[in-house]
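Peer 1: Attaching a predicted model along with its sequence, questions to come.
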Amino acid sequence: MIYLDYSATTPVNEGVLDTFVKVSREYIGNANSLHKLGVSSKRLMDSSVKQVADLLKVKTNEVIFTSSSSEANNMAIIGTVLKYKDRGKHIITTELEHSSVLESCNYLKTLGYEVDYVKLDSNGLVDLADLKKLLRKDTVLVTISQVNSEVGICQDINSIKRCVKSNYQTILHVDGTQAVGKVKIDLEGIDLFTFSAHKIYGLKGVACLIKREKILMEPLIHGGKSQTIHRSGTPALALYVSCSKALRICLEDYDKNLKKVAKIHDLLISGLEKLPVIINSNSHSVMHIVNISVLNIKPETLLHELEKDNIYISTKTACSTTESASLSVFAIYKDIERASHTIRISLSHLTTEEEIKIFLEKLNQAIEKLDFTKKN
Amino acid sequence: MNRVILIKYGELTTKKGNRNFFINTLYQMILKKLKNYDVKISKDISRMYIEFNDNEIDSILDRINHIFGIHTYQVAVKIDSNEDVINQAVIDYVYDKSFKTFKIEVKRSDKTFPISSMDYAKKLGGIVLKNKDNIKVDVHNPEMLLKVEILDRYTYIYSDTFYGLGGYPVGTQPKAMLMLSGGIDSPVAGYLTMKRGVKLDAVYFEAIPHTSIEARNKVIDLTRKLSVYTDKINLHIVNFTQIQEAIYKNCNGDYTITIMRRMMYRIMERLAKRYKGLVIANGESIGQVASQTLTSMSVINEVTNMPVIRPVACLDKLEIIDIAKKIDTYDISILPFEDCCTVFVPKHPVINPCLNECLFNEEKFDYNKMIDDVLKNIETIVIKEDDNEFSNFL
């Protein structure tokens, strides 16, 4: 099998899975119970929270575990703007966001909120001048992903931060789901930050919202204090601990893994340049995500053709719900043909040179076989 | 370009004959606290030198900031004592620093270095002015004071001097036995005791089921916070339930706290002898509660001849809280779990207890046997800063 869809989800790290199994087996108590079993679960939960906080240089009461990045994004966006409804009803985002961000904004539109999409430059980076222009006194929230999931564009969060912070009390939410482990993370000056365990070799079903102490938020799931007061539900201890471990490993191995991916990335790009494809990722993309357009072939057809050889890639992202073109590619290149034919190849430190060579060969064969325009 | 942390000893320098002992104790402590880091540590009579890996600098300085016996330190650039090398290093050093006025001080312990200190300082000043815009020299009140120390082989360049914790290195004095409850005062007392170089064992009196496992965990967490200042702390847990219940069954209600404290002191003395502690330390503060009036203290203290150190005796509660916040124990201390001193509190504890009344009450039960029993079942936990009971999961 050649798995090249790591940005959709990653295989779980053995050690992380081991932690999950052991904690599930040994810590049966509800972390909110008063007895010894509950207390020891609570202590383990506190340790896992502390580790996340230390790794990200935030406070322990700023770590909120959730079930997914989608939940964390919903919570961050809807929870804060509802809390601060007196400040205004204006939100700014980009067209490069994950659907959980875009749909949260769409939901808020139905409640009378106004959403602006900041312009992007030709590289897909946020146009800071436009962002400055869009910011108003009643702008409650700016939500921007650090790394786009489809094309991998990495935003200049520091400049965005400065720009947003100069505007009244506007809150900045950064979706870091595709960023953690791929670029350096610095939460200084960021009010809300999302990441997920399953993108960093943790388990599916657990993610995290970092929310600064001073930012208030309405809960989406009511029911009183659990791990935090912001989200109810019996603490999923084993998932939290495994998430904390996945984050530790991911940040510890960051430099080492990045080097490996850089090598694989260069090999892939030089191979793709020889094929009849358009590379949508650019120098601002993270090396883990390579987005291409293969005109004349339906992306799904190409995906299934490669699947026959046990090669797994993605069209748009696994989470894009609409049947139409890639919003991200269209937002950057304004070319509907290009946007309707995107393929995403996403890499990992686990990817080998051998796998890339085979992939390039099979992709070439698939294109030759399926591009009927050529045969005429 | 290498960077190095230069550590100055401070109060140690006053100890003439014992100087080497103090320096070695500090050296051993720094070795222990930095054993998980990629460092090279060396020392001479006036300073200690720590070469480090740049990635770990924040974490290492955090450790340095929690070691007693360090007066000041600098993070310096270390280069060869060669004029061209020094000139370039000074240019590099000021490159990304922001300041408007500056002064350069040169110190030569290597008198073979060809230029005199004053002349070289002037020359370097000129070099800096040439290489950076919009700055000028101010010899009286400079925004940045750049020091260049030229030693035999190496030269050190630095500008900022940071204060360490001061005090004496832990281990230059023998051991004290700290009475550690879950409150605000006793951890502060432990911190201040260690500040004078005293080693610490902590003792916690537990009365399960009247106190909870959470109260014990709280004390463990507090001990861990204190262990940041030393290599390890032994926490002895005393099962106090039987004695406490006997007191409440047999003694005059108003005297229960006084007698309980007398029992604790008796146990402390025995534990001190067992674990080679020379003194008892605790968080008593004059007048704070009924058992801490001077009359109470004298009646309670009557059970032992062992010196009792009360570092916070003369501090106001708010002053104690300030220190508790500084040493990061406050947030743990205010967690709402009952400890031995807060369960069974009488409505009107006696403020001016009388010794004879205590003796009369204590005759009503065989406390000596109970104390012997208690001492047979001491549970000891060794607590270190870096230990994490969950490390195999995380």
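Peer 2: Cool, got the structure.

Peer 1: Can you classify the closest residue to chain B within chain A as helix, strand or coil?
Peer 2: Of all residues in chain A, residue A:47 sits closest to chain B, at 4.6 Å by CB to the nearest CB. Where C-beta positions appear, they are placed from N, C-alpha and C, glycine not excepted. Local secondary structure at residue A:47 is given as helix here, using DSSP: H, G, I helix; E, B strand; the rest coil.

Peer 1: Could you find the closest non-adjacent residue to it?
Peer 2: Closest residue in space to residue A:47, ignoring its immediate chain neighbours: residue B:390 at 4.6 Å, by CB to CB, 6 or more residues apart in numbering or on different chains.

Peer 1: Over to residue A:61?
Peer 2: Spatial nearest neighbour of residue A:61, excluding adjacent residues (CB to CB, 6+ apart): residue A:213 at 6.2 Å.

Peer 1: Show me what stretch A:289-297 is in contact with.
Peer 2: By CB atoms under 8 Å, 6 or more residues apart in numbering or on different chains, the surrounding residues in contact with stretch A:289-297 are A:7, A:147, A:149-152, A:178, A:265, A:268-269, A:272, A:276-281, A:285, A:302, A:326, A:328-329, A:337-339, A:341-347, A:367, A:370-374.

Peer 1: How about stretch A:266-277?
Peer 2: For stretch A:266-277, the surrounding residues in contact (CB under 8 Å, 6+ apart) are A:279, A:290, A:292-294, A:343, A:345, A:347, A:353, A:356-357, A:359-360, A:363-364, A:367, A:371.

Peer 1: how about the helices in the stretch 151-300 of chain B?
Peer 2: For the stretch 151-300 of chain B, the helices defined by DSSP state H, counting those that start in this stretch occupy B:185-195, B:213-227, B:241-250, B:256-274, B:294-301.

Peer 1: Could you pick out the residues of chain A near chain B for me?
Peer 2: When proximity is defined as CB under 8 Å from any CB of the partner chain, chain A approaches chain B at A:19, A:22-23, A:34, A:36, A:39, A:43-44, A:47-48, A:51, A:241, A:244-245, A:248.

Peer 1: Domain ranges for the chain, per the record?
Peer 2: In the absence of a named chain, this looks at chain A. Here the domain parsing of chain A from automatic domain parsing is A:2-9+A:254-370, A:14-252.

Peer 1: switch to chain B, that's the one I care about
Peer 2: B:2-164, B:173-383.

Peer 1: Tabulate those in TSV, adding columns for mean neighbour count and mean pLDDT.
Peer 2: Shown next, in TSV, are these (neighbours: other CB atoms under 10 Å in any protein chain shown; pLDDT from 0 to 100):
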stretch	mean neighbour count	mean pLDDT
domain B:2-164	16	91
domain B:173-383	19	94
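
Peer 1: Identify whichever of the ones you listed lies nearest to chain A.
Peer 2: Distance to chain A, taken as CB to the nearest CB, is lowest for domain B:173-383 among the domains of chain B, at 5.2 Å.

Peer 1: for the record, mean pLDDT for stretch A:51-69?
Peer 2: The pLDDT scores in stretch A:51-69 average 96.

Peer 1: Next, give phi and psi for residue 359.
Peer 2: Reading this off chain A. phi -60, psi -50 (degrees, to the nearest 10).

Peer 1: try chain B instead
Peer 2: Main-chain dihedrals, residue B:359, degrees, to the nearest 10: phi -60, psi -40.

Peer 1: want to try JSON lines for the domains of chain B, with distance to residue A:206 as columns?
Peer 2: Shown next, in JSON lines, are those (distance: least, CB to CB, whole Å):
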{"stretch": "domain B:2-164", "distance to residue A:206": "27"}
{"stretch": "domain B:173-383", "distance to residue A:206": "25"}
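
Peer 1: From residue B:245, how far off is residue B:260?
Peer 2: In this view, residue B:260 and residue B:245 are 11 Å apart by CB to CB, to the nearest Å.

Peer 1: One more: residue B:331?
Peer 2: To residue B:245, residue B:331 is 32 Å away according to CB to CB.

Peer 1: Check which helices and strands the longest strand anywhere in chain A sits against.
Peer 2: Across chain A, the longest stretch assigned as strand under DSSP state E is strand A:139-145. Contacts defined by 3 or more CB pairs under 8 Å, 6 or more residues apart in numbering or on different chains; DSSP states H and E place strand A:139-145 against helix A:69-83, strand A:90-93, helix A:99-110, helix A:157-165, strand A:171-175.

Peer 1: Pick the most deeply packed of the ones you listed.
Peer 2: strand A:171-175 (a mean of 27; mean count of other CB atoms under 10 Å in any protein chain shown).

Peer 1: what bridges to residue B:104?
Peer 2: Assessed by DSSP bridges, residue B:104 has beta-bridge partners residue B:146.

Peer 1: Surely it is in contact with residue B:126?
Peer 2: No - applying CB atoms under 8 Å as the test, residue B:104 and residue B:126 come out as separate, 9.7 Å apart.

Peer 1: that older thread, okay, the residue of chain A closest to chain B: pLDDT?
Peer 2: pLDDT recorded at residue A:47 is 94.

Peer 1: how close does it sit to residue A:235?
Peer 2: Plainly put, residue A:47 is 13 Å away from residue A:235 if you go by CB to CB.

Peer 1: quick one: which of the residues of chain A next to chain B is nearest to residue B:311?
Peer 2: Among these, residue A:43 lies closest to residue B:311 (CB to CB), at 29.7 Å.

Peer 1: What count of nearby residues applies to that closest one?
Peer 2: Residue A:43 has 19 neighbours, counted by other CB atoms under 10 Å in any protein chain shown.

Peer 1: Look up which helix or strand it falls in, please.
Peer 2: For residue A:43, the enclosing helix or strand under DSSP states H and E is helix A:36-56.

Peer 1: Can you give the contact residues for that helix?
Peer 2: A:23, A:27-33, A:59-60, A:62-63, A:65, A:185, A:187, A:193, A:208, A:210, A:227, A:235, A:237, A:240-241, A:243-245, A:247-248, A:251, B:212-214, B:217, B:388-390, B:393-394.

Peer 1: which stretches of the stretch 51-200 of chain A have low pLDDT?
Peer 2: The stretch 51-200 of chain A contains no residues with pLDDT under 70.

Peer 1: Go again with 90.
Peer 2: A:167-169 (pLDDT under 90).

Peer 1: near chain A, which residues of chain B?
Peer 2: Counting by CB under 8 Å from any CB, chain B sits next to chain A at B:212-214, B:217, B:388-390, B:393-394.

Peer 1: at 7 Å instead, please
Peer 2: Counting by CB under 7 Å from any CB of the partner chain, the positions of chain B adjacent to chain A are B:213-214, B:217, B:388, B:390, B:393-394.

Peer 1: Which one of those residues is nearest to residue B:348?
Peer 2: For these, the nearest to residue B:348 is residue B:214 (28.9 Å; CB to CB).

Peer 1: isn't the closest one right up against residue B:337?
Peer 2: Yes - counting by CB atoms under 7 Å, residue B:214 touches residue B:337, with 4.6 Å between them.

Peer 1: which helices and strands sit right next to the helix or strand hosting residue B:357?
Peer 2: Take DSSP H and E as the rule and residue B:357 turns out to sit in helix B:355-362. Applying 3 or more CB pairs under 7 Å, 6 or more residues apart in numbering or on different chains; DSSP states H and E, one finds that helix B:355-362 makes contact with helix B:256-274.

Peer 1: got the contact list for residue B:196?
Peer 2: Contacts of residue B:196 were listed using CB atoms under 7 Å, 6 or more residues apart in numbering or on different chains, and they are B:167-168, B:173.

Peer 1: Specify the beta-bridge partners of it.
Peer 2: For residue B:196, the beta-bridge partners are residue B:168 (DSSP bridges).
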